[in-house]
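In: everything below, folded, please.
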Amino acid sequence: MAKASDVKSGNILRFNGELVSVEEFIHRTPGNLRAFYQARMRNVKTGKLVEYRFRTDEEVEIARVETNDYQYLYDDADFFVIMDNDTYEQFNVPKALFGSSARFLKEGMNVIVAFESDEPIMAQAPTSVELEITYTEPAVKGDTSTNALKNATVETGVDIKVPLFINQGDKVKVDTRTGDYIERVK
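Out: Reported below is the predicted structural model:
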């Protein structure tokens, strides 16, 4: 157990039996009252925001979380199978931890996963990925009045919007958080 004064922004705490990520941790000393720490924390599993005031001498449990780079191997029903790049040990990570960016994962990509006592609690895909266009309609000449976009399918099977000059077989960079086209890759 640690004291509230040892907590920093970014720590993972076990708070009321749940794991929470500390987003903001401020020391306050209001007038002639006792000092306290104002914390804004986000529940790791549900994403709900929690605000709490800790006394300066209050005991908190800082969870031991290991974050590392892993290689995404393949999709296995409700899980993604990842491999540690150093030990070659494989783990199953629930797809839900990746959120909407999971649809852009390609075999061999590096992902970041956080474990707390052998249980995956957070997973993050790269912010942008390079994918090949497998299908797109040909552009019609004279269709370029203003930033016109057309539908395209990338190699992972996701439909995105791309500019008219993108053709089948081109590689494009895609933002995994929003699914937006960023640029064409040479």
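
In: and stretch 30-40, which residues are buried?
Out: For stretch 30-40, a neighbour-count test (16 or more other CB atoms under 10 Å) marks 36-37, 39 as buried. From N, CA and C alone the C-beta is placed, and that goes for glycine too.

In: next one: stretch 84-93
Out: Residues 91, 93 are the ones in stretch 84-93 that count as buried (16+ other CB under 10 Å).

In: low pLDDT regions in the chain?
Out: Across the chain, the ranges flagged by pLDDT under 70 are 141-145.

In: for the closest residue to V44 other than its chain neighbours, what are its contacts?
Out: Using CB to CB, 6 or more residues apart in numbering and skipping the chain neighbours, the partner closest in space to V44 is L19 (4.3 Å). Applying CB atoms under 8 Å, 6 or more residues apart in numbering to L19 gives the contacts 12-13, 43-45, 63, 116, 121.

In: for L19, helix, strand, or coil?
Out: Three-state call for L19 (DSSP: H, G, I helix; E, B strand; the rest coil): strand.

In: so what's it bridging to?
Out: Under the criterion DSSP bridges, L19 forms beta bridges with R14.

In: likewise N110?
Out: Applying DSSP bridges to N110 yields these beta-bridge partners: Q71.

In: quick check: buried residues in stretch 74-83?
Out: Using 16+ other CB under 10 Å as the test for burial, stretch 74-83 gives 79-82.

In: try stretch 179-186
Out: So stretch 179-186, judged by 16+ other CB under 10 Å, has buried residues 179, 181, 184.

In: again with stretch 121-128
Out: Neighbour counts over stretch 121-128 (16+ other CB under 10 Å) mark 121-125 as buried.

In: which ones among those are found in helices?
Out: In helices, judged by DSSP state H, none of the buried residues of stretch 121-128 are found.
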